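In: pasting a predicted model and its sequence here:
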Amino acid sequence: MQRRQGNGLAVVLIVLGAIMLMGIALPLIHGMFRLLFPVLLVVLGYYGIKSGRKIIGWVVLFIGVMSLIAKLSWIIGPLLGIALVVWGISVLKGRKNGTY
């Protein structure tokens, strides 16, 4: 029995094709690229600012940050709510001491 070089790539392609046919890979790939693209924009904007292309760098960085905020709003909202509750409790405790 002869062993051929390159069978690993063939097996990987077969497994990826089977996963795609089952409909599992597309949600995973979509979820990964959904966050990867805005992060890439932020990195490219930062690199543009550092390399001297300040205007285009700031524009790309701004678009990337706004996209990330939109994509991560499901976690930013509850974290903001928790922060407001903690801040409110600290203000109430501070009133008893007379600092506010």
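Out: Alright, I've got the coordinates. These figures come from a predicted structure and were not determined experimentally.

In: please count neighbours and contacts with C-alpha atoms only from this point.
Out: Will do.

In: what is the burial count for the residue nearest to Lys71 when sequence neighbours are not counted?
Out: Computed as C-alpha to C-alpha, 6 or more residues apart in numbering, the closest residue to Lys71 that is not its neighbour in sequence is Leu35, at 7.1 Å. For Leu35, the neighbour count with other C-alpha atoms under 10 Å is 14.

In: got the phi and psi for Leu35?
Out: The phi/psi pair for Leu35 (degrees, to the nearest 10) reads phi -100, psi -20.

In: how many other residues sit next to Leu68?
Out: Neighbours of Leu68 using other C-alpha under 10 Å come to 19.

In: give the contact list for the nearest residue to it once chain neighbours are set aside.
Out: Leaving aside its chain neighbours, Leu68 sits nearest to Pro38 (5.7 Å; criterion: C-alpha to C-alpha, 6+ apart). Taking C-alpha atoms under 8 Å, 6 or more residues apart in numbering as the contact definition, Pro38 lies against Ile63, Gly64, Val65, Ser67, Leu68.

In: quick one: which of the residues you listed sit in helices?
Out: Cross-referencing those against helices under DSSP state H gives Ile63, Gly64, Val65, Ser67, Leu68.

In: most neighbours out of the residues you listed, which is it?
Out: Using other C-alpha under 10 Å as the neighbour test, the ones in helices among the contacts of Pro38 are led by Gly64, with 21 neighbours.

In: from memory that one sits against Leu36, does it?
Out: No. Counting by C-alpha atoms under 8 Å, Gly64 sits too far from Leu36 to count as a contact (10.2 Å).

In: which secondary structure elements does the one helix or strand in the chain whose mean pLDDT sits lowest contact?
Out: Lowest mean confidence among the helices and strands of the chain (mean pLDDT, DSSP states H and E): helix 7-22, at a mean of 79. For helix 7-22, the packing partners by 3 or more C-alpha pairs under 8 Å, 6 or more residues apart in numbering; DSSP states H and E come out as helix 25-50.
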